[in-house]
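Engineer: Pasted the sequence and its predicted model underneath.
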Amino acid sequence: MIRIKLKDEFIKLGQALKAANLVESGVDAKNVIKDGLVRVNGEVDIRRGRKLYAGDIVDFNGEQIKIED
């Protein structure tokens, strides 16, 4: 599991994928999110700007990202 520590109140979904090095660019993040390949807390979310808060779990390509304070 990849852990991302919040610097602010939240991080956006596309930024989290980039911070975890699961995509190379914002364009790649946008495409995998738009294509329904990313789950947030077990549900597909197609909003790149989805705000993630401490405790949220992102699943993509067999990897999990946990958002932490």
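Structural biologist: Cool, the structure landed.
Engineer: Could I get the buried residue list for stretch 37-52?
Structural biologist: Within stretch 37-52, the residues that qualify as buried are 38, 40, 48, 50, 52, counting by 16 or more other C-beta atoms under 10 Å. Bear in mind the C-beta positions are built from the backbone N, C-alpha and C, glycine included.
Engineer: Does residue 10 touch residue 49 like I think?
Structural biologist: No: counting by C-beta atoms under 8 Å, residue 10 does not reach residue 49; the two are 10.3 Å apart.
Engineer: can you list residues touching both of these two?
Structural biologist: Contact criterion C-beta atoms under 8 Å, 6 or more residues apart in numbering; residues shared by residue 10 and residue 49: none found.
Engineer: Pull out the buried residues from stretch 12-22.
Structural biologist: So stretch 12-22, judged by 16+ other C-beta under 10 Å, has buried residues 13, 14, 15, 16, 17, 18, 20, 22.
Engineer: by contact count, what packs against whichever helix or strand the second one is part of?
Structural biologist: Spelled out, that is residue 14. Secondary structure assignment for residue 14, by DSSP states H and E: helix 13-19. Helices and strands touching helix 13-19, by 3 or more C-beta pairs under 8 Å, 6 or more residues apart in numbering; DSSP states H and E, are helix 26-34, strand 38-40, strand 51-52, strand 57-60, strand 63-68.
Engineer: of all the ones you listed, which lies closest to residue 5?
Structural biologist: Distance to residue 5, taken as C-beta to C-beta, is lowest for strand 63-68 among the helices and strands packed on helix 13-19, at 5.3 Å.
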